[in-house]
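Q: model the structure of this input:
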Amino acid sequence: MCINGLTLVRRAGTAGLLFAVASWVACSSAAPVARPVPEAAALLLDDELLRGLGPKPWLDSPGTSEQYFPIFVGASVRDLVLGRPPASRPRLPLGMREQGRIQARQIAETLPARRVELEVWPTQDWNGQPNWVFARWRKRADLAWTWLTEARNWRPSWSQERGTKPLLPELVDPSQPPGREDLFDDFLLSSDLYHKPRFGNCVYVQRSGGAIALAWPDPGEREARAGEFTRPGAFDAYCLNQPARFNARPAAFVLTVDAGAITWPAEIDWVPAPSELPAPAQVALQVPAWPREFDPTYQEDLQIADGEREARYPLSGKTARFRNKGAFQPDHDLERMIDYLEERYRALSIATIRQRFTWRGIPQSNLIAIIKGTEPGPPVVMADHIDAACEEDTFDKAHQRVTSHGADDNATATAAVLGAAAVLGAAHPRHDIWLVHLTGEEFPSDDLGARHFLSEMMRTRQDIRAVVITDFIGWHHPGKPRFQVSPTSVPGSERMAALALDAAHKLAPELSAIYAARTRLRNSVFQTDLMEFELYGIPGILFNEDMDYSDPESGSPHNHQSTDVFANIDLPFAVAVAKVAIETVLRLAND
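A: This is a model prediction of the structure:
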């Protein structure tokens, strides 16, 4: 059978039927030429563990903390949806080879055989960095798989550092506390502000016989399936990120460890990491002039978006104050905020599209404002998120989920996107610019608006040229003001960052623009909506404050606190970063 340039040979095994890459040949009318393949080093394309996974995980995907999005090791989501040629070989970052070799060797030391086969797949871990899932092991191909587990196969004396430690299945008993609560309890029942039920990020195995009953189910089925899977002694749950996708198909790798020697599948393309610093760009400033009222209007918009100032709708004359800004709150103000933003764009004669949907039975919306370009083609997106995080200090004291004012996170960005409307509309860009207000970025909604936006783009086969996201740009450490420009790992993102750095140098020399490479540990991309665009294969960059998520002391002391208010914003700094972001968007639209 020939699929995407690979000849797949059927192979039987006790774990179920699987298709392994036993030879890789061109699919053509000419006679195939066999190529040597290391014994038992293969790409699994259909196996008991993989066969139930949906073919289009990019449509209506759940939040990250409920079910982690798969890594695409062939064509990206964007390429697949747009009908571009699928990849003929899996592609993985070169650094993952050495990382996986070290992890595999250590795991093999815990197993009772000189030679073992390991079932692995790449993922993005909870730091936002590439890592490996090690799921199961066996002595040879005709034997059944046995689950690896964190408790048994990663010794406490070994490094527990993020990015070093692999992702091993966590064995959970769904019928007993605390496992039952961990898998099935709604977050509102938890004493942990950041708890989400892990039902959708697990494989459920019958304790009698070991057959897989359910693998990475739709989190929306959690309540309906709770009674079945919490029966005493009936099931084990192995919690781990779901397998990768090779083009559109679920995929895992089998690698061998023989007396410490590692054999990888021969046909993986190992891709070098991007540079630590992009090639510099030199481009003339594109924004012809900044309106005299830009700075005071930015301040007013920031205070309206953070709920400290009443909003007056420009067309209807209504008034409102936006204070409850959690997508999970039944009485949230986010829909009224979108109503207000719609009127703001209508007053500027800018057309809008409102994406309406529901989550937990609560109405939600994204808003897209479209600035038309002079030439056809995919748009450049500039986006914020309009919701706010729960106040951690309030939850610690009163166990109440109260959303912060969100002056920095993320009213500074909402004001930047609004400020872009008048500036970019008058600049007559070459390509369309979409100003996008996304809902539900903060926990527990977890990039809810971004995922809905991307699902709709993929459903309608709408391409996106590039995305620029701003997320908290109003605070800095004492001394010279610094902010970060962070590219995704998608090709083209580094050039975007270079254009942003050049814009900062020309437009705001009083600021220090820091390039935060995607390979940096706990890069801030993984904490934002931009990660979703990266997972779908869309080039992008993030503007945010200079921080290092691996160092809790490096960020703003007001982040996710009741003190995230306008009084703690450095307004000139926020305005300057906003202008650099707007200039960068115009550069990309004119590129």
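Q: pLDDT weak spots in the stretch 1-150 of the chain?
A: Scanning the stretch 1-150 of the chain for pLDDT under 70 picks out the ranges 1-41.
Q: which stretches of it form strands?
A: In the stretch 1-150 of the chain, the strands defined using DSSP state E, counting those that start in this stretch lie at 2-3, 6-7, 9-11, 18-20, 42-44, 91-93, 115-124, 130-138, 146-147.
Q: low pLDDT regions in this structure?
A: By pLDDT under 70, the low-scoring segments of the chain are 1-41, 275.
Q: could you rerun that using 80?
A: 1-42, 126-127, 162-163, 273-276, 520-523, 549-552 (pLDDT under 80).
Q: which helix runs longest in it?
A: helix 571-590 (DSSP state H).
Q: re the thing from before, nearest to residue 418, out of the strands of the stretch 1-150 of the chain?
A: Nearest of the strands of the stretch 1-150 of the chain to residue 418, taken as CB to CB: strand 115-124 at 31.9 Å. Heads up, the C-betas are built off the backbone N, CA and C, glycines and all.
Q: next one: the closest one to chain centre, how far?
A: On the basis of CA atoms, centre = their mean, to the nearest Å, strand 115-124 sits 22 Å off its chain's mean C-alpha point.
Q: can you give me the helices for this protein?
A: 77-81, 94-108, 150-153, 179-184, 222-229, 294-305, 334-347, 392-398, 412-425, 448-459, 493-507, 530-536, 571-590.
Q: out of those helices, which one sits most buried?
A: helix 530-536 (a mean of 27; mean count of other CB atoms under 10 Å).
Q: mind listing residues that contact that helix?
A: Outside of helix 530-536, the residues that reach it under the criterion CB atoms under 8 Å, 6 or more residues apart in numbering are 58, 64, 69, 71-72, 76-78, 124, 128, 447, 450-451, 454, 458, 464, 467, 469, 471, 486, 488-490, 525, 540-542.
Q: change it to 6 Å
A: Defining contact as CB atoms under 6 Å, 6 or more residues apart in numbering, one finds that helix 530-536 is touched by 69, 77-78, 447, 450-451, 454, 467, 469, 488, 490, 525, 540, 542.
Q: and those residues as TSV, adding distance to residue 50?
A: Formatted as TSV, the contacts of helix 530-536 follow (distance: CB to CB, whole Å):
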residue	distance to residue 50
69	16
77	18
78	23
447	25
450	27
451	23
454	24
467	31
469	33
488	27
490	25
525	28
540	29
542	33
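Q: from these, which single one is nearest residue 145?
A: Closest to residue 145, out of all of those and judged by CB to CB, is residue 69, at 24.3 Å.
Q: which residue is the nearest non-sequential neighbour of the closest one?
A: Of all residues not flanking residue 69 in the chain, residue 535 sits nearest, at 4.9 Å (CB to CB, 6 or more residues apart in numbering).
Q: how about the contacts made by residue 373?
A: 429, 430, 431, 432.
Q: actually, residue 566.
A: Here residue 566 is in contact with 303, 308, 407 (CB under 6 Å, 6+ apart).
Q: make JSON lines out of these and add distance to residue 503.
A: JSON lines is the format used below for the contacts of residue 566 (distance: CB to CB, whole Å):
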{"residue": "303", "distance to residue 503": "26"}
{"residue": "308", "distance to residue 503": "30"}
{"residue": "407", "distance to residue 503": "25"}
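Q: how many residues are close by residue 114?
A: Counted by other CB atoms under 10 Å, the residues lying close to residue 114 total 11.
Q: same question for residue 380.
A: 28.
Q: my read: it touches residue 434, true?
A: No: look at residue 380 against residue 434 with CB atoms under 6 Å: they stay out of range, at 7.3 Å.
Q: gap between residue 407 and residue 572?
A: For residue 407, the distance to residue 572 equals 15 Å [CB to CB, to the nearest Å].
Q: got a list of contacts for stretch 100-107?
A: With contact meaning CB under 6 Å, 6+ apart, stretch 100-107 is reached by 118, 132, 134, 153, 166, 257, 260, 262.
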